Each structure stands twice: as C-alpha cells, then as structure tokens.
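Student: take a look and give me a structure for this.
(chains A, B and C)
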Amino acid sequence: MIPLSWLVTLAGLLFGIGLLGALLSTNAVRMLISIELMLNAVNINLVAFSRYYGASQPHGEIAAIFAMVVGAAEAAVGLAIFVAVARNSKLIDIDKINLLKW
Amino acid sequence: MSLEQLLFLVVAAVIVLAALGAVFARRIMHAALCAVVVFTAVGGIYAIIGSYFIAVAQVLIYIGAVATVLVFAVMLSGQKDIAGGSPIRRQARWKTVLTWAAFVVGLVMVFQFTLNLTVPASGPANAPMAAESATSLRFLGQLLFYDYLLPFEVISLLLLLVLIGAVVIARKESDPQ
Amino acid sequence: MQYKLLLPEITLAAGILAIICADLVVARESRRQTAFGLGLLTLTIYLMAAAALGGVTEHAFAGHLLVDPWGSFFKLFFGVTGLLLLFLSYSYVGQRSLAPAEFVALLLGAYLGMSLMVSSEQLLTAYVGLELVSLTSYLLAAFLRQDPLSTEAGLKYFILGSVASATLLFGISFLYGYTGSLELATIAGSLSTGEGMVVIGSLLFLCGLLFKLAAVPFHVWAPDALQGAPTPITAFFSVGSKVAVLVLAGRFISHFSGVLAQEVHYYLLLVAIGSMTVGNLVALRQTNLKRLMAYSSIAHIGYLLVAYFLGTPEAYAALRVYVGVYAAANLGIFAIITWTESQNRGIEIDSFRGLGRVQPLFGLALGVFVFSLVGIPPTGGFMGKLLLFMASVQEAHYILAVIMVLNGVLSVVYYYRMLRSAFFEDSEWIAPITKNAALEAVVLVAVVVVMVTGVWPGWLQM
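Tutor: Predicted structure coming up:
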C-alpha cells in the first residue's frame, strides 16, 4: 500500500517543475508542455485523495476525468493559437515576439 | 518495503526525471518526448494505486490526443528553435534557476509539513490507501450521468466551441469562408 | 422540475447551436445579420428567463446548480452587458470581415460559462464554467488572426491563463483532499481554522482567481491581452469575464470568512490596495487607449476587492452599484473607441482630438463616463465610491478610506487627458465621418444608466 503523503509529494514536485517550466521557458511549445505537466500533477492529487476516501465516493476520480478533457481542449486551443502566431511571425520563440511589451 | 512501494518509487523517479527533462532539454523535440514519458508513467501510477479506469483514460487522452497535438506544435515551431538555444531566459539564468529550485524544495517541505500536521476527517493522513477494490466502472458511469450531469453537458458544449474556434483561428487566409 | 431553474443556461446553449446551424444554410451576404439577430434573440430570452427566476432560492442537479438572488442579479447584469456588446461589435465584425457566426457563438459560450460560474457552489461545475469562459476568451483574443498583435495577445493570455487555471485546480484538489467533498458549503462546514492543507488549498484557489481578475501582483498579462484583442472583446474582458470571476471569489470568501486565517484577509487587503495604486500609477504613463483602460480596470478591481475585505452587507450593496456603473461607463467608452477606430483614427489618446466638435454626442458622453469613473457627482460612479467609502468608515478602516480617496484623485490625471484631447485639442478628421446608430444606442443606454444611478442607486439593489 502506498502512503498518501508519497503521492501528494510526487504531485507537488511535478506541479513545481511544471510551474518552473511554464514561467521561465522562452518557447511557447515548452510552455504548453509545462502546463500539461501541471495538469497531470493536479490529477495525481485528485485520484490519490479519491482512492483514500474509498471507492464509494469517487468524486476525485470524476474531477480527474473532467480535468483531462479540459487539458485536451486546452492543448487544442494552444495549437490553434500557435498556428496563427506562426503564420504571422514564422516562429514561436517568445523572446522574439515582442510587439507588445511583455 | 513492499514490492508495490518499490514499483511506485521507481515510477515516481521516472516521472520527476522526465519532467525535468521536459523543462530543461535543449531540443524541443526531446522535451516533447520527455512529456510523453511523463504521461505514460503517470498512467502507471494510477494503475499502481488501483484507479484502472483513470489509467486507461490517461493513456487514451494524454498519449492519444495531447501528445499528438504537442508533436504538431513542435513541428510548427520552426527550424530555428529546433537547432538549439537555451530553454531558460538568458538574463540572470542561474539566479532564477536557484530561486525556483528553492521554491520547489519549499513547496515539498510545506506539503510534508501539512500532511503530518493535518488529519482529514476519517483517519490519519499517512494511512495506506483504502483497501476497497477499484471503483467499478458502472458506479463511475452512474455518478457521471446522474450527479455530474450538469458539468458533463457543459463540457460537451465546451469541446464543440473549442473545435469551432480553433478551426476559425487556425485556417488559411485563402480558404473560402 | 429542476430544468426550469436551468432555463437561462439552456437558452444560451440552444442559441449557440442555432447560430452555428443557421450559418450553414443562410446566404453569404446575410450571415452577419442572422448571427447577430439570433444572438440578440437568445440574450433577450436569457434575460427574461433570469428575471423570472429573480426571487427564487433553490438547489438543483444534485447541488451543482444554485439559483439565488445574488446570482440572478449578475445573470441580469450579464444579459444586459451581453446585448450591449452585440450592438458594440456588429459593425466591427463587418468592417474586419471576421467570421460572424463563430464570433457570436464563442461570445455566447463565454456567457454560458459566466452564468454557470455565478450560479454554482460546486467547485467542479464552477471550474468547468470558468474553463468555458477562459478557453473561449483565448480564442476571441486571437480572433483578428491576420493581426500579429491580436494573435500575440491570444498567446500570452493563453499561457498565463492556463497556468492560473491549473493553480486554481490544484487548490481545489487540496480542499477536496482535506474534506472529501467538492461542495463549497460542505467544505466550509467541515473545516476548522488555520489547518495547513486548507490554507494552501484556499491560497492556491484564490491566487488562481486573482490571476484571472488581473489583480496586482498577477496583472502582467492583462495590458497585453487587452491591447491586442479586438476592441469589443477588450470591452468584454473588462466588464464580462472579470465580473464573473469576482462573483465566484465572493462566494468562496463569504463561505470561508470564518475559516480562513486573519492573514488571508489582510493578504486580500494588500492585493486590493496594490491593484488600485499600481493600476492608477501605471495608467498615468499610457498613451494607447485600450492599454490605459486595461490599467484603469486593474485599479477598479482593487476597489471591488475592498468590498470583499469588508464583507458587510453594506459593502456588498455598494459592490452591486459599483459594478453596474463601472460596466456602463466602460462599455460607453469602448463604444466611443470602437467608433473612432472605425473612422481610421487609431486607438491612441490623440485619436480623440476634436471629438467634441465632430461628434458632440460622443464628446459629452465621454465627459459623463470619465466623471463617473473618477467619481464626481452627480454621476453614478460617485454613488458607488461613496457607498464603498461609507462602508469602510463604518468598519473603522479610516486609512483604507483615505487611500481610496487619494487613488480617486490620482485617477483624475489620466482620465482628464482623454477629455483634454476631446475638447481642448483639435485635428483634421480626413475621412467622411459616418454615423453608427448601434454604437450611438450603446452610448445613450450607458449615459442613462450612469446618470440614473447617480440620483437613485437603489434600482441596482432591488
């Protein structure tokens, strides 16, 4: 049996790494990857707590399913915006996109 | 330490290393591959703790859909970026990395602290998982279509709107309206 | 019958589907009329349905939907601002030849999400509503897909907004983990004060919401996103999605006020004062109208957060008046900006030069809106600020009251630059000046709301 604290620590680590990547990276694709890592961390947390409360009340698992769908929709929106930006500027490097002050 | 715990530690180590790889790998394609490893390993975690349906959904959605989208995005990002370049902002790189490392360590310490500190409603926080069998798919489905009917219907509309919006934003100029 | 309680949202969903389907069969020339006509019809029915549920307080859908007067007030608010926004964007969409059906459908989708956010105390449903607003907002910000500024605004909004959403959901996971429930009332009921996991959960949740509100220090994305987005969408961001997030934050804070540590309340106060001051100070240096309005809206969010910090019934009553007047004045100014933009005069402060001479109606209306945003009687903005001021004096927060007044004085400087440009400076208007009845209607409605609230704020509190 896995202690709950192990799972939450893993989720915290993954979330922290994702946050680091999303805020510090210079590449929009890497930012999208980092955001997906953060959502995965959230899901680990939700499922872990849900397992802890037992199979009769799987609210966390349901929430994780919703979070997955939202994550997939987010990736699709991200891709569409990347395509539009790439068409306008030919590359997706945040450092080089600076029409607006960052 | 049971075999299960050993397996968990191995998979968790894979997740953390691959996540670090996704953030720090120089080539963006490698970062995307690392992300796929993370998605797969997270699915493994769900299987280890007995959430089999979530594990399958993870494989279907994250590896089936999100990973494909990520690879598309990488291919769009152009030659210049793939050729290299540091993943982290240039100005004061080490300072920021150190700050964030401290932040992550602090985060983990806070988690440990709070978990030892607090006792959720029905038992000690460090207790093992509930020993019940995996959530039955039938029960999950019933819950989804009775109790969670409202958000379920809304999310179907969300997917429709995202699809339409994405097509409008991404299509070529020359396409007929 | 629980579906009766969901009538406003069902109307919006049906309207979205109808607009998308109608677009497939209607002739190319009449697509814009069809989409906007159906949009107006949908929002009118939505408004009537929300009004019919005005006095009801009831739970439905296994606790996922909560209809109460507080939420119904904001549904009416959304209905009215939505109608005004459609009038505002009609000519804009035509001039830029944007895809009309998709534009209206995405906008109504955002309104569906907002409507759900203000009428749910179930965190998962509220999150799904929030994501519906966010995802459609990212797409709408990038809707001028040939304009690099717009797509870049969409990109920045998308990245930082998604980080905020993930943070918020992480907070929800901790609240769920501690209590085993996703219901706000159940969570608050089974908590005791100051537990570490609860503090982390609520802080992450609040940070996510403050990020979406663009409150200081989470405001960096807002000026870029609001400057680059299409002008009607900028108006929507400042009067639509932000208000919905504000209501959700209010529901959370009012449930947790007994549970949250005192530190969290003072954190909220710091954020409120910071938003006011930073928003007003940075606005002094702006020359782009949309960017200026973005900073001005950051400052106004600060005022609104003060109401939550106080938490008294008087403060909540003041919040209603403040939100109503702020939205009317903002929509009016954005209608004027849309008009000057359509005359090919750009969106700098200098674009207003000679406005008072060329289009006296808009010039005078601009004066009314600016007076209201600063808080000068007899406009409604004065009433909103006065009520908020009195509420904070009542709670003996004198320093806070002084800071609010000083900020009002500070904001005079940059709002005055708009008026100076419109009345005391002049320049040639080259193009033949065209009138726009839809924009004039929006401006007139906004003026009426602002002036009526100035003498009788009670109508927003019924």
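Student: what separates the helix or strand where residue C:445 lies from the chain centre, distance-wise?
Tutor: Here residue C:445, judged by DSSP states H and E, is contained in helix C:437-455. Centroid separation for helix C:437-455 versus its chain: 17 Å, with Cα atoms, centre = their mean, to the nearest Å.
Student: need the contact list for residue 77.
Tutor: Here I'm looking at chain A. Residue A:77 sits next to B:162, B:165, B:166, C:135, C:138, C:139, C:158 when contact means Cβ atoms under 8 Å, 6 or more residues apart in numbering or on different chains. Where C-beta positions appear, they are placed from N, C-alpha and C, glycine not excepted.
Student: um, chain C though
Tutor: Residue C:77 touches C:243, C:323, C:324, C:327, counting by Cβ under 8 Å, 6+ apart.
Student: biggest separation within the residues you listed, which pair?
Tutor: C:243 and C:324 (9.9 Å; Cβ to Cβ).
Student: so for the two, which sits in the more crowded spot?
Tutor: Neighbours were counted for residue C:243 and for residue C:324 using other Cβ atoms under 10 Å in any protein chain shown; residue C:324 has more, 26 against 23.
Student: ok, back up a step: which residues does the helix holding residue C:445 contact?
Tutor: Residues contacting helix C:437-455 (Cβ under 8 Å, 6+ apart): C:84, C:87-88, C:90-91, C:321, C:324-325, C:328-329, C:331-332, C:335-336, C:338-339, C:361-362, C:365, C:368-369, C:372, C:377-384, C:459-460.
Student: just the strands in the stretch 51-200 of chain C please.
Tutor: C:58-60, C:65-67 (DSSP state E, counting those that start in this stretch).
Student: among those, show the one with the smallest mean pLDDT.
Tutor: Among the strands of the stretch 51-200 of chain C, strand C:58-60 carries the lowest mean pLDDT, at a mean of 87.
Student: buried sites along that strand?
Tutor: For strand C:58-60, burial by neighbour count (16 or more other Cβ atoms under 10 Å in any protein chain shown) applies to C:59, C:60.
Student: elements contacting that strand?
Tutor: strand C:65-67 (3 or more Cβ pairs under 8 Å, 6 or more residues apart in numbering or on different chains; DSSP states H and E).
Student: what's next to the strand it packs on, contact-wise?
Tutor: Under Cβ under 8 Å, 6+ apart, the answer for strand C:65-67 is B:150, C:2, C:5-6, C:53, C:56-60, C:119-121, C:125.
Student: and the buried ones among the residues you listed, selectable in PyMOL?
Tutor: To isolate the buried subset of the contacts of strand C:65-67 in PyMOL, counting by 16+ other Cβ under 10 Å, use the following:
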select buried, (chain B and resi 150) or (chain C and resi 5+6+53+59+60+119+120+121+125)
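Student: flag the least confident of the contacts of strand C:65-67.
Tutor: Among those, residue C:2 carries the lowest pLDDT, at 81.
Student: how many other residues sit next to residue B:63?
Tutor: Using other Cβ under 10 Å, residue B:63 has 14 other residues around it.
Student: which stretches in the chain count as helices?
Tutor: Picked chain A for this. With DSSP state H as the criterion, chain A has helices at A:4-24, A:28-53, A:59-89.
Student: to clarify, I was referring to chain B.
Tutor: Secondary structure of chain B by DSSP H: the helices cover B:3-24, B:28-48, B:52-58, B:67-76, B:79-82, B:93-117, B:137-145, B:149-170.
Student: now residue C:50: closest residue in space that isn't a chain neighbour?
Tutor: residue C:75 (3.8 Å; Cβ to Cβ, 6 or more residues apart in numbering or on different chains).
Student: since we're on residue C:186, how many residues are nearby?
Tutor: Neighbours of residue C:186 using other Cβ under 10 Å come to 16.
Student: does it touch residue C:179 like I think?
Tutor: Yes: judged on Cβ atoms under 8 Å, residue C:186 makes contact with residue C:179 at a distance of 6.7 Å.
Student: okay, now the unreliable bits of chain C?
Tutor: C:1, C:192-196, C:261, C:431, C:462 (pLDDT under 70).
Student: quick one: distance of the longest helix along it to the chain centre.
Tutor: Counting residues, the longest helix in chain C under DSSP H turns out to be helix C:148-179. Remark: helix C:148-179 is offset 18 Å from the chain centroid, using Cα atoms, centre = their mean.
Student: and the pLDDT for residue B:106?
Tutor: Residue B:106 is given a pLDDT of 66.
Student: go on, residue A:96?
Tutor: At residue A:96, the pLDDT value in this model is 55.
Student: tell me which residue in chain A sits closest to chain B.
Tutor: Residue of chain A nearest chain B, by Cβ to the nearest Cβ: residue A:1 (3.1 Å).
Student: ok, that residue touching residue B:1?
Tutor: No: using Cβ under 8 Å, residue A:1 makes no contact with residue B:1, being 11.1 Å away.
Student: show me which of those two is the more surrounded one.
Tutor: The neighbour comparison of residue A:1 against residue B:1 (other Cβ under 10 Å) goes to residue A:1, with 14 against 7.
Student: domains of chain B?
Tutor: As given by automatic domain parsing, the domain ranges for chain B are B:1-100, B:135-177.
Student: quick one: closest of those to chain C.
Tutor: Chain C lies closest, by Cβ to the nearest Cβ, to one member of those: domain B:135-177, at 3.6 Å.
Student: need the contact list for residue C:116.
Tutor: Taking Cβ under 8 Å, 6+ apart, one finds B:154, C:9, C:125, C:126, C:128, C:129, C:132 in contact with residue C:116.
Student: ok, and the most crowded of the residues you listed?
Tutor: Tallying neighbours with other Cβ under 10 Å puts residue C:128 at the head of the contacts of residue C:116, with 29 neighbours.
Student: how about the contacts made by that one?
Tutor: A:66, A:70, B:151, B:154, B:155, B:158, C:113, C:116.
Student: on that earlier part again, okay, the strands of the stretch 51-200 of chain C in TSV with distance to residue C:447 next?
Tutor: Converted to TSV, the strands of the stretch 51-200 of chain C look like this (distance: least, Cβ to Cβ, whole Å):
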stretch	distance to residue C:447
strand C:58-60	37
strand C:65-67	32
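Student: what's the burial count for residue C:397?
Tutor: Using other Cβ under 10 Å, residue C:397 is surrounded by 17 other residues.
Student: typo on my end, it should be residue B:47
Tutor: 18.
Student: need the nearest residue in space to it, chain neighbours excluded.
Tutor: Using Cβ to Cβ, 6+ apart, the closest residue to residue B:47 is residue B:55 (4.3 Å).
Student: re the thing from before, among the contacts of residue C:116, which pair sits farthest apart?
Tutor: With Cβ to Cβ as the measure, no two of these lie farther apart than C:9 and C:126, at 13.4 Å.
Student: now do the contacts for the residue lying closest to residue C:300 once chain neighbours are set aside.
Tutor: Leaving out its chain neighbours, the residue that sits closest to residue C:300 by Cβ to Cβ, 6+ apart is residue C:326, at 5.5 Å. Residue C:326 makes contact with C:239, C:300, C:373, C:381, C:384, according to Cβ under 8 Å, 6+ apart.
Student: packing partners for the helix or strand encompassing the last one?
Tutor: If you go by DSSP H and E, residue C:384 is part of helix C:380-394. Counting contacts by 3+ Cβ pairs under 8 Å, 6+ apart, helix C:380-394 is packed against helix C:289-310, helix C:313-342, helix C:360-374, helix C:398-423, helix C:437-455.
Student: now residue 15. Nearest residue, chain neighbours left out?
Tutor: Since you didn't name a chain, this refers to chain A. Excluding its sequence neighbours, the residue lying closest to residue A:15 (Cβ to Cβ, 6+ apart) is residue A:41, at 3.7 Å.
Student: wrong chain, I was asking about chain C
Tutor: residue C:42 is the one closest to residue C:15 (Cβ to Cβ, 6+ apart), at 2.9 Å.
Student: try residue B:15
Tutor: The shortest distance from residue B:15 to any non-neighbouring residue, by Cβ to Cβ, 6+ apart, is to residue B:41 (4.6 Å).
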